[in-house]
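**Student:** please work out how this folds:
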Amino acid sequence: GLKAFMSKGFQKSALQENVVSELSYLGFPLQQEVVTPNGYRLDIIVELDGKRVGIEVDGPSHFAGRDPMGSTILKRRQVVNADGIQLVSIPYWEWNNLVDSNDKGNYINGKLGVTIT
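**Tutor:** The predicted structure follows:
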């Protein structure tokens, strides 16, 4: 019912807020809830070497078990092909396994292909 829906919504946004605060801490310029030219809403877009990279913070509702739902797969394909935006997915179970800010920073840099010198 409504309660389950509310908690799911909260869980996703809390997860996203956590990722956003980590990205900000790392110094990535970012925008949230960006709508692409083809009408897809992306959780986060970061600027990386002058390119826009979309980050999808994928909570439990985006998966059946650990396989992405059909709608999630379609959205990713459309954003990459039609909108020309590179996409990175952060599945909730990977993020939730990270212990501290250091782990999260390394994880994000790894996902975005950033090499730390």
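
**Student:** could you use CA atoms for every contact and neighbour count after this?
**Tutor:** Will do.

**Student:** what's the average pLDDT for stretch 19-31?
**Tutor:** Mean pLDDT, computed over stretch 19-31, is 94.

**Student:** again but with stretch 62-70, I slipped
**Tutor:** pLDDT averaged over stretch 62-70 gives 84.

**Student:** pull the distance from it to the chain's centre.
**Tutor:** On the basis of CA atoms, centre = their mean, to the nearest Å, stretch 62-70 sits 15 Å off its chain's mean C-alpha point.

**Student:** in it, what's buried?
**Tutor:** Applying a neighbour-count criterion of 16 or more other CA atoms under 10 Å, one finds His62, Phe63, Pro68 buried in stretch 62-70.

**Student:** any idea how far Ile45 is from Leu87?
**Tutor:** Look at Leu87 and Ile45: by CA to CA, to the nearest Å, they are 9 Å apart.

**Student:** sorry, back to before: among the buried residues of stretch 62-70, which ones are in strands?
**Tutor:** Phe63, Pro68 (DSSP state E).

**Student:** now the helices: where do they sit in the protein?
**Tutor:** Applying DSSP state H to the chain gives helices spanning 2-26, 70-81, 92-96, 101-111.

**Student:** low-confidence ranges, the chain, go.
**Tutor:** Applying pLDDT under 70 to the chain flags residues 1-12, 115-117.

**Student:** understood, closing this out.
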